[in-house]
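1. Next one to model:
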Amino acid sequence: MAEATTGSPAPNAGGETDPSREVMFDLLGNSRRRRVLRHLLEEREITLTDLSARIAAWENDVAVTDLSSRQRKQVYSSLYQTHIPRLSEHDIVAYDADDRRVRLTGDTERLHRFLDVEESHSGSSYQWSRYFLWTAVVGSAAIAGNWLGTAPATHLGTRDLYGLLTVVFMMLSVSFVMAVEGPKLLRLGN
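-> Purely as a prediction, here's the structure:
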């Protein structure tokens, strides 16, 4: 238990030490490193060229075949100079410079746990941010339409629309808190 609080590495099944929780959170604080590990969890060994192309395609939201040379090089350089050495330094990946291959060497179960925590929050946050955005867009359009006299509900005043929009945002905010924090609050109650 003292290991978790001090941040020192915890021994794994093979007697080697895994990076501490703090180090793992630091390493996974970068989306490119998280993407590297997700790819390596699916395919344990891959060339750095293929890995960088897949990550560049994901970052640019295009197919690998549609990547520009610049997009490929930018990600390749970043992985080669920064991210792979950083992960290698903590024995999470191994890089063979002769074959230019990256291989996952870290505890896969532990990596899954850390990546699942991040995924469960980022996916829902993205979804909720879209709800807030669309509420703001529709609300603003209704208010602008009311000012211009083109809104279908012209019998409502601007003050009424502001009130309605405030209530919708409050309900959306409560729903967001319950969706994200609700499971944690329920666990505390038990």
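
2. Residue 173 versus residue 128, what's the distance?
-> For residue 128, the distance to residue 173 (C-beta to C-beta, to the nearest Å) stands at 10 Å. C-beta here means a position set from N, CA and C on the backbone, and glycine is covered the same way.

3. which SS state does the most far-flung residue of the chain relative to its centre fall under?
-> In the chain, counting by C-alpha atoms, centre = their mean, residue 155 sits farthest out from the average C-alpha position, at 44.2 Å. Assigned with DSSP: H, G, I helix; E, B strand; the rest coil, residue 155 falls in the coil class.

4. and the gap between it and residue 46?
-> For residue 155 relative to residue 46 (C-beta to C-beta), the value is 62 Å.

5. Could you work out the end-to-end span of stretch 65-85 for me?
-> One end of stretch 65-85 to the other measures 27 Å (C-alpha to C-alpha, to the nearest Å).

6. circling back to that earlier point, higher neighbour count, residue 128 and residue 173?
-> residue 128 (17 against 12; other C-beta atoms under 10 Å).

7. Would you agree that one is in contact with residue 176?
-> Yes - using C-beta atoms under 8 Å, residue 128 is in contact with residue 176, at 5.0 Å.

8. Confirm residue 128 sits in a helix?
-> Yes - assigned with three-state DSSP, residue 128 falls within a helix.

9. What are the phi and psi values at residue 30?
-> phi -110, psi 130 (degrees, to the nearest 10).
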